[in-house]
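Enquirer: need the 3D shape of this:
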Amino acid sequence: MNEHFATTWEAIADAYPGDPAIIDGTRVWTWREFDDRASRLAAAMAAAGVGAGDTVAIDLYNCGEYLEAFYAALKIRAVPANVNYRYLDDEMLHLLQQAEARVLVHHATFARRVAPAIAALPGLRLVIEVDNLGGTRTPDAGTLGYEELLAGTGPAPRIERPGSDVFLSFTGGTTGLPKGVEYVVGNSVNNTDVLARLNLGITDLDWSAPSIDRARQLRESYPPPVALPASPMMHSTGLIMASLPVLTLGGTVISLTSPHFDADELFTAVARYRPSTVSIVGDAFARPMLRALDRQAAMGAPYDTSSLITITSAGVAWSGQVKEQLLEHIPQVALVDACGSSEGAAIGSQVTRRGEPASTDRFVPGAGLRLLRTDGSVIPGDSSEIGLFLLPTGCRGYRNDPERTARAFRTIDGQRYVLPGDWGRWNEDGTITLIGRRTSTINTGGEKVFPEEVQQVVLLNEDVEDCLVLGVPDERFGQRVVAIVQPVAGRTVEPDEVTRFVHDRLAGYKAPRTVIVATVPRGPNGKALFKEARAMFEDSPLPR
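Expert: Numbering: from 1, shown residues only. The predicted structure follows:
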């Protein structure tokens, strides 16, 4: 089936014009308004000479305009691309150059941050500022106000679009400058059925039918789905796992208004707007959520979370003990832990319900998954060897990087596969255990240490809120294991205690030789900031 998001959403807007598509604080877009505003933005971009294959970079916090800009780009067959709004200078310039950006849509609060990149990119045809955060937009001869642009432009005509169009998902990975993964729109539309079934727990639709027909079927038996991406839409969990599947079923996406994650704001929105699914990024979001639930319950005023069918997570480990504690507060919810790669591939997933054992690293394998030895041979399912995952994907490769694409992507019997660098092994029951990333593996004295394994053990300590394990150069052993450990608020953790705690549970060489007690550096998407973490080690007064 060769569908296109923009064409599907236009059909939904025609069929259900008065239904809500986006809720952003006190602002509500109906499907008619969502389509009209995106059409006006699309027309403005087209008038500036932007068309098929041109990149529209979106540098925004979560907001309705994020989805509008994504939709508008797709309407004229342009290529929407996410921008990590924390990027500065070299990272920002590299991303926009790699994307060959022709349009930049950014929040006005980022004006100074993006100015150097704008000055260095003569190919930009349109720079648009969104100023819905309560600030004042500074007029600039080369920058246009978002609302003024929409008000002065009529809607673009509808066109035919092939499913072979693409959108870009930029990821910084664990090291290096950001790289852009090209997602094929048609393949991504087809993949939304898998994500929708995971997110909503709905299995009795004809998932082979066109998207508009599935939306109609859904409404015959269920209320339209409502998603609340708590994680940033510039991260694939918030956009690809939560927002796109729900919009493609004719549902509603709720955007939190704070630029930083606030668990109390999340649960207030859950009680008010009654979403069916919330998307998060592992413990970085789940632990603050748990504290908020604990606090409100202790006050005798628990949050109303009765609308939730699922909470979905991807991108960062979600600890088994945290899942179990969340289920004590939200007993009806299913916790969907998806494990995959930014290259559009699903390693596996696990669904945990109350009363069931919760795991941190064990998953049901995704369809078509293979496990390879380093020589490229396949590891059979009855072996416990550690290998690298090879996964089916609907992505083409990396934008403007044929060498890296050739290393990571391959076509086998007409199917596109990716080798993202994740280590794992088969279990006797047919599940898989995710062990870690090849790029983050620590080699200490000839022994391999997977940081994720050590982190999971450290997090078993009830006094520990968060943990990041990394390898740093060591004259004697090549690399040493370093842990940054963040205590639970109001508690203390001693470095030697952490080392002993790990030593009692894992092989001695896996125990961290250096422990820094501090706040773990993480981005707004919950992922670890390794550059900052290494700087913390370099600045630490601890003996080397």
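Enquirer: show me where the stretch 151-300 of the chain has helices.
Expert: With helices called from DSSP state H, counting those that start in this stretch, the stretch 151-300 of the chain shows them at 185-200, 211-221, 236, 244-248, 263-273, 282-298.
Enquirer: for the second one, the averaged confidence score.
Expert: This points to helix 211-221. On average, the pLDDT along helix 211-221 is 88.
Enquirer: buried ones in it?
Expert: 211, 212, 214, 215, 216, 217, 218, 219 (16 or more other C-beta atoms under 10 Å). The way it works is simple: take the backbone N, C-alpha and C, and place the C-beta from them, glycine included.
Enquirer: how far out from the middle of the chain is that helix?
Expert: Counting by C-alpha atoms, centre = their mean, to the nearest Å, helix 211-221 is centred 27 Å from the centre of its parent chain.
Enquirer: got the contact list for that helix?
Expert: 3, 8, 11-12, 15-16, 189, 192-193, 202, 204-207, 209, 224-225, 248-250 (C-beta atoms under 8 Å, 6 or more residues apart in numbering).
Enquirer: on that earlier part again, can you list the helices of the stretch 151-300 of the chain in a markdown table and add distance to residue 158?
Expert: Putting the helices of the stretch 151-300 of the chain into a markdown table (distance: least, C-beta to C-beta, whole Å) gives the following:
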| stretch | distance to residue 158 |
| --- | --- |
| helix 185-200 | 16 |
| helix 211-221 | 14 |
| helix 236 | 28 |
| helix 244-248 | 17 |
| helix 263-273 | 30 |
| helix 282-298 | 38 |
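Enquirer: so which of the ones you listed is nearest residue 108?
Expert: The minimum distance between residue 108 and the helices of the stretch 151-300 of the chain falls on helix 263-273, with 21.6 Å, by C-beta to C-beta.
Enquirer: okay, which residue of the chain is out on the far edge from center?
Expert: In the chain, the residue that sits farthest from the middle, by C-alpha atoms, centre = their mean, is residue 476; the gap is 38.2 Å.
Enquirer: picking that back up, which of the helices of the stretch 151-300 of the chain sits closest to residue 107?
Expert: helix 263-273 (18.1 Å).
Enquirer: hang on, the earlier thing: among the contacts of helix 211-221, name the buried ones.
Expert: Counted by 16+ other C-beta under 10 Å, these give 3, 8, 11-12, 16, 189, 192-193, 202, 205, 207, 224-225, 248-250 as buried.
Enquirer: quick one, what contacts residue 200?
Expert: Counted by C-beta under 8 Å, 6+ apart, residue 200 has contacts 225, 249, 276, 277, 309, 310.
Enquirer: cutoff 10 Å now
Expert: Going by C-beta atoms under 10 Å, 6 or more residues apart in numbering, residue 200 touches 218, 222, 225-227, 245-246, 249, 251, 276-277, 309-310, 312, 334, 336.
Enquirer: and what of residue 177?
Expert: For residue 177, the contact set (C-beta under 10 Å, 6+ apart) comprises 87, 90, 91, 93, 94, 95, 98, 170.
Enquirer: one more: residue 369?
Expert: The contact partners of residue 369, taken as C-beta under 10 Å, 6+ apart, are 345-348, 363, 389-392, 417, 424, 426, 432.
Enquirer: show the backbone phi and psi for it.
Expert: phi -70, psi 140 (degrees, to the nearest 10).
Enquirer: how far away is it from residue 417?
Expert: Residue 369 sits 10 Å away from residue 417, going by C-beta to C-beta, to the nearest Å.
Enquirer: overlap of the contact sets of these two?
Expert: 345, 389, 390, 391, 392.
Enquirer: residue contacts, the closest residue to the second one other than its chain neighbours?
Expert: Looking back up the chat, that one is residue 389. Using C-beta to C-beta, 6 or more residues apart in numbering and skipping residues adjacent in sequence, the residue nearest residue 389 is residue 422, 4.9 Å away. For residue 422, the contacting residues are 339-341, 345, 347, 387-391, 434-439, 452, by C-beta under 10 Å, 6+ apart.
Enquirer: one more time with 7 Å, if that's ok
Expert: 341, 347, 388, 389, 434, 437 (C-beta atoms under 7 Å, 6 or more residues apart in numbering).
Enquirer: could those residues go into a markdown table alongside distance to residue 328?
Expert: As requested, the contacts of residue 422 are arranged in a markdown table below (distance: C-beta to C-beta, whole Å):
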| residue | distance to residue 328 |
| --- | --- |
| 341 | 32 |
| 347 | 28 |
| 388 | 37 |
| 389 | 33 |
| 434 | 26 |
| 437 | 32 |
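Enquirer: can you tell me which of the residues you listed are in strands?
Expert: Counted as lying in strands by DSSP state E, out of the contacts of residue 422, are 341, 347, 388, 389, 434, 437.
Enquirer: including distance to residue 40, neighbour count and pLDDT, could those go into a markdown table?
Expert: A markdown table is the format used below for the ones in strands among the contacts of residue 422 (distance: C-beta to C-beta, whole Å; neighbours: other C-beta atoms under 10 Å; pLDDT from 0 to 100):
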| residue | distance to residue 40 | neighbour count | pLDDT |
| --- | --- | --- | --- |
| 341 | 36 | 25 | 85 |
| 347 | 40 | 20 | 91 |
| 388 | 47 | 18 | 93 |
| 389 | 43 | 26 | 94 |
| 434 | 44 | 21 | 87 |
| 437 | 43 | 18 | 73 |
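Enquirer: for the nearest residue to residue 345 once chain neighbours are set aside, phi and psi?
Expert: In space, and not counting its chain neighbours, residue 345 is closest to residue 391: 3.5 Å by C-beta to C-beta, 6+ apart. Taking degrees, to the nearest 10, you get phi -130, psi 140 for the backbone angles of residue 391.
Enquirer: what do you get for residue 24?
Expert: phi -130, psi 90.
Enquirer: which stretch of helix or strand covers residue 424?
Expert: strand 422-426 (DSSP states H and E).
Enquirer: how far off centre is that strand?
Expert: Strand 422-426 has its C-alpha centroid displaced from the chain centroid by 21 Å (C-alpha atoms, centre = their mean).
Enquirer: within its sheet, name the partner strands of it and how each one runs.
Expert: strand 387-392 (antiparallel), strand 432-437 (antiparallel) (DSSP bridges).
Enquirer: what about the strands in the stretch 251-400 of the chain?
Expert: 252-255, 277-280, 310-313, 334-341, 345-352, 362-365, 370-372, 387-392, 395-398 (DSSP state E, counting those that start in this stretch).
Enquirer: and these: which comes nearest residue 162?
Expert: Nearest to residue 162, of the strands of the stretch 251-400 of the chain and by C-beta to C-beta, is strand 395-398 at 13.9 Å.
Enquirer: distance from the chain centre to the closest one, please.
Expert: Using C-alpha atoms, centre = their mean, the offset of strand 395-398 from its chain centre is 17 Å.
Enquirer: which elements pack onto the next helix-or-strand element following that strand?
Expert: Later in the chain than strand 395-398, the nearest helix or strand by DSSP H and E is helix 402-408. Contacts defined by 3 or more C-beta pairs under 7 Å, 6 or more residues apart in numbering; DSSP states H and E place helix 402-408 against strand 395-398.
Enquirer: export the strand it packs on to PDB, keeping only CA atoms.
Expert: Taking Å, rounded to 0.1, in the frame of the first residue of the first chain, the C-alpha atoms of strand 395-398 are listed here in PDB:
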ATOM      1  CA  CYS A 395      14.500   3.600   5.700                       C
ATOM      2  CA  ARG A 396      16.800   4.400   2.800                       C
ATOM      3  CA  GLY A 397      20.000   5.300   4.600                       C
ATOM      4  CA  TYR A 398      21.700   8.400   5.900                       C
END
